[in-house]
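Chemist: 3D model of this:
(2 chains)
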Amino acid sequence: MSAIADDFTRIATVEKSRGYWATVARRLMRDPVSVACASIILLIALAALLAPYLGLADPYQGSMIRRLRPIGTPGYPLGTDELGRDMVSRLIYGGRLSLMLGLLPVFLAFAIGTTLGVIAGYVGGFVNQAIMRTVDVFFAFPSVLLAIAISGALGAGIVNSLVSLTVVFIPPIVRVAESVTTSVRTLDFVDAARASGAGSLTIMRVHVLGNVLGPIFVYSTSLISVCMILAAGLSFLGLGTRPPEPEWGLMLNTLRTAIYVNPWVAALPGVMIFIVSICFNLLSDGMRSAMDVRG
Amino acid sequence: MSVANDPTLLEDRGGPEQPLLEVKSLSKHFAVSGGMFSRGASGVVRAVDNVSFSVAKGEVLGIVGESGCGKSTTARLVIGLITPDSGDIIFDGEPVGPTVSLRELRRRVQMVFQDSYASLNPRMTIEDTIAFGPRVHGVPAAEARARAHDLLRKVGLDPAHFAARYPHELSGGQRQRINIARALALAPRLVLLDEAVSALDKSVEAQVLNLLLDLKEELGLTYVFISHDLNVVRFISDRIVVMYLGEVIESGPVETIWNDARHPYTQALLASMPSLDPSRRTEEAPVTGDPPNPIDPPSGCRFHTRCAFAEPLCSERAPALFETGNDRHVAACYMVDPSSGHTRAQKQAAGEIENA
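Modeler: Have a look, this model is predicted:
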């Protein structure tokens, strides 16, 4: 036995005991793609947050004589929109609403969905049936249709579109959480914990959540891009934000009339949506592999 | 919350004569439903049916039987992971339920599982895994950690190298040592070893078996050792219980059973072991066919469908466990009971058949 122990000394120096999430963070930092994506998202988020202090032009102030200037016009590096407003300023200010509409519903759905899913998976039986069959009702509708239907019923507005997007994302998260929990619950280490005399809540918190949060979290981050696009879609249809508020989906809508006059400027909000959603997707891929400590 | 530090829990009560664990008429039947559309096709699996045995202090009781005979279910019933339908579990003279709570029982009885990987939380370091039990029972973090390091040393792993590692970084043998350390963290008096060495390769298996025996000596433990590997059971056990389709069919001291097995199933089980001696090679399978469906077990003696000596009597009613005359050796076969009316029983009693 001591021979095996000696092998370990040679292979690896003794590591300090650190938490699971610290290990994941360290592994994530070693992945250049994840770091790049996280930096881009952080940059856009910071710019959006600090927009009033960046000395940008007023995103609401238009000018009839400077309408639809092309990209590269002096003073307007990314041109102007159909009402002559500075595109740089509007894109940065637009990030505030767009990012919030992309992140907040997924975060809320993550919290609610994980709770419901873990309870359904761990308790099982009637509770499981009640939660999962209710969730199945929502699966009967395509997510876009569901978001539009709820938003339409509640009326246009930012808060209402937040609510409708949250409702749309709860069912898939509940489903993932339930299936992961069910598979973890049957493993021997849960039985071993019960045999140690631990109560259900302790086991759920220490043994189940620790093994379940990772996969659900990764799945949820992949939903952020979908959520941003859905939010943009709602705005495009006039159900989310209203003009003149800068928001990428709404900007895409109002600029579409200019697509033959100045296609590059009209495409810019779409480019932003594309960049942010692909960054979130790549980041969630990176997290998936970072969380697999066995790798 | 003082369960962890309550020394009276670990005290010996009835003296060495009183069995540490007594299991009386333990039964667990699982309902099997054929699914939503076939209500009629449901049934009941008698996973454990009227099982009784006792474990003396300081002994190793082996439970053997082919897969699906209810060995593991019995262990899970004893530690309360499954609730029994009926029957009593008596720990050192105190019945579990009325006198001893399940939580108290789980301080004194611990279990080691077969799958060394599935029984360790992949997200927890070794140290946290071992310290979890004591922490649950209210031991302060630092003390639990110290206890974990101490146990790692006891199972032959250097805490400096292993405490901060994750289960996937270890080999199967090392992981099973961790599982043993985890089971010992609450300082139990009885450890249930459910196929604890079955998944290990032979050399590691031998190391772990020796470790188990050393720990038993050092800590004054009692083991219930469940396995399908007869050689291992013979090596480690003092007494064995043979199970078939959820029932105990024979039990007694290990050497008595090896030399003088009375139940035809036990005899067949022992005969099925490959021998190292070429002249004693098994040419024919001693028992043929699959075990019967546990949902619909045979009437009478459950073994009569595969038994070479079955007589009409055997399918009519189930035989009780008869004394064989050897010390604490019982077998559930009419051939053991001269008054049963089985033709071979009288001959055996008359000494005409030498250990069929």
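
Chemist: show me the contacts for A:Gly121.
Modeler: A:Asn128, A:Ala177, A:Glu178, A:Ser179, A:Val180, A:Thr181, A:Thr182, A:Val184, A:Arg185, A:Val212 (CB atoms under 8 Å, 6 or more residues apart in numbering or on different chains). (C-beta placed from N, C-alpha, C; glycine too.)

Chemist: count of neighbours near A:Gly117?
Modeler: Close neighbours of A:Gly117, defined as other CB atoms under 10 Å in any protein chain shown, add up to 29.

Chemist: ditto for A:Val135
Modeler: Summarising burial for A:Val135: neighbours were counted as other CB under 10 Å, giving 20.

Chemist: isn't there a strand covering it?
Modeler: No: judged by DSSP: H, G, I helix; E, B strand; the rest coil, A:Val135 forms no part of a strand; its state is helix.

Chemist: gap between it and A:Ala231?
Modeler: Using CB to CB, to the nearest Å, one obtains 22 Å as the distance from A:Val135 to A:Ala231.

Chemist: please identify the helix or strand for the nearest residue to A:Tyr20 once chain neighbours are set aside.
Modeler: Once flanking residues are discounted, A:Tyr20 sits nearest to B:Arg123: 5.2 Å by CB to CB, 6 or more residues apart in numbering or on different chains. Per DSSP states H and E: B:Arg123 is located in neither a helix nor a strand.

Chemist: residues contacting B:Arg123?
Modeler: Contacts for B:Arg123 (CB under 8 Å, 6+ apart) come out as A:Tyr20, A:Gly210, A:Asn211, A:Val293, B:Tyr166.

Chemist: now, the contacts of A:Gly121 that are in helices?
Modeler: By the criterion of DSSP state H, membership of the contacts of A:Gly121 in helices covers A:Asn128, A:Ala177, A:Glu178, A:Ser179, A:Val180, A:Thr181, A:Thr182, A:Val184, A:Arg185, A:Val212.

Chemist: which stretches in the stretch 51-200 of chain A count as helices?
Modeler: In order along the chain, the stretch 51-200 of chain A carries the following helices (DSSP state H, counting those that start in this stretch): A:87-123, A:125-139, A:143-154, A:158-185, A:188-195, A:200-203.

Chemist: contact residues of the stretch 1-150 of chain B facing chain A?
Modeler: With CB under 8 Å from any CB of the partner chain as the criterion, the stretch 1-150 of chain B comes near chain A at residues B:3, B:76, B:79-81, B:102-103, B:106-107, B:110-111, B:113-115, B:118-125, B:127, B:129, B:132-133, B:136-137.

Chemist: JSON lines for the helices of the stretch 51-200 of chain A, including mean pLDDT?
Modeler: Formatted as JSON lines, the helices of the stretch 51-200 of chain A follow (pLDDT from 0 to 100):
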{"stretch": "helix A:87-123", "mean pLDDT": "91"}
{"stretch": "helix A:125-139", "mean pLDDT": "91"}
{"stretch": "helix A:143-154", "mean pLDDT": "88"}
{"stretch": "helix A:158-185", "mean pLDDT": "92"}
{"stretch": "helix A:188-195", "mean pLDDT": "89"}
{"stretch": "helix A:200-203", "mean pLDDT": "88"}
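
Chemist: of those, which is nearest B:Val204?
Modeler: Smallest distance to B:Val204 across those (CB to CB): 19.0 Å, for helix A:188-195.

Chemist: convert the C-alpha atoms of that closest one to CSV, please.
Modeler: Taking Å, rounded to 0.1, in the frame of the first residue of the first chain, the C-alpha atoms of helix A:188-195 are listed here in CSV:
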residue,chain,number,x,y,z
ASP,A,188,-25.2,4.7,-3.3
PHE,A,189,-23.6,7.8,-1.8
VAL,A,190,-27.1,9.2,-1.1
ASP,A,191,-27.9,6.0,0.7
ALA,A,192,-24.6,6.1,2.5
ALA,A,193,-25.5,9.7,3.6
ARG,A,194,-28.9,8.5,4.8
ALA,A,195,-27.2,5.6,6.6
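
Chemist: about what we covered before: most neighbours among the contacts of B:Arg123, please name it.
Modeler: A:Asn211 (22 neighbours).

Chemist: right, and that residue touches B:Ala118 too?
Modeler: No: here A:Asn211 does not reach B:Ala118: they are 11.6 Å apart, not a contact under CB atoms under 8 Å.

Chemist: show me the helices in the stretch 1-150 of chain B, by range?
Modeler: Taking DSSP H, counting those that start in this stretch as the criterion, the stretch 1-150 of chain B carries its helices at B:71-78, B:102-108, B:126-136, B:141-154.

Chemist: assign the residue of the stretch 201-350 of chain B found nearest chain A to helix, strand or coil.
Modeler: Nearest residue of the stretch 201-350 of chain B to chain A (CB to the nearest CB) works out as B:Gln207 at 6.7 Å. Under three-state DSSP, B:Gln207 falls in the helix class.
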